[in-house]
Structures are given as structure tokens and as C-alpha cells.
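Engineer: predicted model and sequence below, questions to follow.
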Amino acid sequence: MLIALVNGAVMTPAGVVDGQALLVEDGLIVGLVAPEAVPAGADIQDLAGGLLVPGFIDTQVNGGGGVLFNDAPTVET
């Protein structure tokens, strides 16, 4: 199903873009288009002027292989 996220600011690699609709299909971003170019039948979701930014995942690691970095803070650990 195609979802169109409208009425929000979208952060892109080029900066924040206003007045565009972000298209998502099957969990993947498929386009950034003018709101009037949203295909018929798309599920339109209003962002109410919000800011749409990428999610970030914390990849912190505290140890591995049976060793905690806090217990042995050395290059070898």
C-alpha cells in the first residue's frame, strides 16, 4: 500500500524541504513529490506541520566475548 506523508517538513541530505509529500510503499521511501502529484488511492497521512527526520539506532557496545569494556578498558579488550 502506498502511503503519502503530507503537510510536514522533511529532512533530506540536501536540507529540510517544505511543501512536499513523502511517498512510502512496503516500508521503503519511494519518492518525494508535490502534494498534487500524490497518486490516486494513496493513504494520505497528515503530519500537521511536524518535522519528519530519519531515525537513528544506538549501536553502543559495552563488551563482547565475555569481557566488559568497563572492567578492562585497554586496547586489547
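Structural biologist: Ah, there it is. Numbers count the residues shown, from 1 in each chain.

Engineer: excluding chain neighbours, what is closest to the residue most central in space within the chain?
Structural biologist: Geometric centre of the chain, nearest residue: Pro54, 2.8 Å, by Cα atoms, centre = their mean. Leaving aside its sequence neighbours, Pro54 sits nearest to Met11 (Cβ to Cβ, 6 or more residues apart in numbering; 6.8 Å). Heads up, the C-betas are built off the backbone N, CA and C, glycines and all.

Engineer: state the helix or strand in which that neighbour lies.
Structural biologist: Applying DSSP states H and E as the criterion places Met11 in strand 9-12.

Engineer: picking up where we left off before, thought the residue nearest to Pro54 was touching Gly55?
Structural biologist: No. Using Cβ atoms under 8 Å, Met11 is not in contact with Gly55, being 11.2 Å away.

Engineer: so these two - more neighbours on which side?
Structural biologist: The neighbour count for Met11 versus Gly55, taken as other Cβ atoms under 10 Å, is higher for Met11 (12 against 4).
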